[in-house]
Structure formats: structure tokens, C-alpha cells
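> Next come a sequence and a model predicted from it.
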Amino acid sequence: MQQMVSVSGDSGGDAVSDAPLAAPDGGAVDLTFMHAARAEAALAAAAGEVPVGALVVRGGEVVARAGNRRERDQDPCGHAELIAIRAAAQALGTWRLDECVVYVTLEPCPMCAGAMVLARVQRCVFGCADPKGGFLGTLADLSRFPGLNHHFVVTGGVDADACQAQLRSFFRDLRVAKRRAAQHPPPSSDEQG
């Protein structure tokens, strides 16, 4: 798969090169950061959230990290990537994250991929593809959508099996819990009193 890279111009716009790119630090660095993103996903799962974790990294240092918070905050925008991007912008004192790489365990949705465009991220590395909502190559690709003023490099499939297993395990456990609850409903108020 050929990847796109954005090159900031002096005019404030971005020019796009279609030269193929490799990960600047190689696969081992990506795998290390993906393991850290999976740890954030595990914390989200422990809190009853869909296990998606994200990191924002600049210069090899983690600037921000987050897990999903949709259920806890009752916020449809409580995706790990969006929370991490906001936290990184606050930590760095700028909304332009052009030297940053976003690591996320699941391929970003249109909202999160759009936030990456708006934040001018340099690169996104994701774990497993999302066949129902992935917008960095599966259903569409906002990272190099014609007409947008920013494009970024995408590397997918890093530690994909482990990321997918984490999601599958969570949803399997959720289905089991729902079946148990249906088989053993709590006593009604008539039965209690």
C-alpha cells in the first residue's frame, strides 16, 4: 500500500507527496507504543468501556494517553483518540500536532480521523481494522481524501491480532453477562416485599 505524507508549505497549506514511506523508527517502536495503547484499552475495559486505547507521541515521548470514555461520561464523542488529541494539544500548548503520531488500538472512525486531519497529525498507527466504522482505509480514507488541506501517513495492522483479541474478549464477556442476567433476572419489587 502506498502511503501519503504531508509537507507543510510556507503558505500555511499542505502539499502532498505520493512517495512511499516506511515507519521512521521501524516496527519495533510502533509495537512498543501499541502495547502502551493496549494498556489504556485494558483500563477502559475494566471501567466498562469498549477497549480502545490511544497515545499521542512526539519525538519518541508520550504526550497524552487515553481510553474510551463514552459510557462513563455519556459522551458520544468520548473516543480514546479524540480525548488523547485534546490532551496533547493542551499539554503542548498548540492545536497543531504536526510533529505527533497517534497510536490507537482500533482503526479510527470518521470523527476521529477528521480530528487527526484538523490537528495536522504527522502519522496514525492503528492496530486492527474496523469493518463497521474504519475511516483510515477500510470504509474510506480521510488521511488522503482529495480536497482536504492536510494528509498524513497511516500504518495499520500493528499488533492487530492482540488488539482484535482484546475487543473480541470484551464483547464475548459482555454477551455472556447479558445472557446470565436474562436467565437470572433480579427479583421484582413484588417478590421482595
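Done, it's in.
> contact partners of the lengthiest helix in the chain?
Taking DSSP state H as the criterion, the chain has its longest helix at helix 160-183. Contacting residues not belonging to helix 160-183 are listed as 34, 38, 41-42, 45, 50-52, 105-106, 127-129 [C-beta atoms under 8 Å, 6 or more residues apart in numbering]. C-betas here are computed from N, CA, C, even on glycine.
> Filter the residues you listed down to the ones in strands?
105-106, 127-128 (DSSP state E).
> Could you check how far the nearest residue to Arg120 once chain neighbours are set aside is from Lys178?
In space, and not counting its chain neighbours, Arg120 is closest to Asp98: 4.4 Å by C-beta to C-beta, 6 or more residues apart in numbering. Distance from Asp98 to Lys178, counting by C-beta to C-beta, to the nearest Å: 44 Å.
> Report the contact partners of Arg72.
Per C-beta under 8 Å, 6+ apart, neighbours of Arg72: 47-49, 78.
> Whichever of those end up buried, select them in PyMOL.
Entered in PyMOL, the line below selects the buried ones among the contacts of Arg72, by 16 or more other C-beta atoms under 10 Å:
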select buried, resi 49+78
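> Nearest to Gln122 among the contacts of Arg72?
The nearest member of the contacts of Arg72 to Gln122, counting by C-beta to C-beta, is Gly78 at 24.4 Å.
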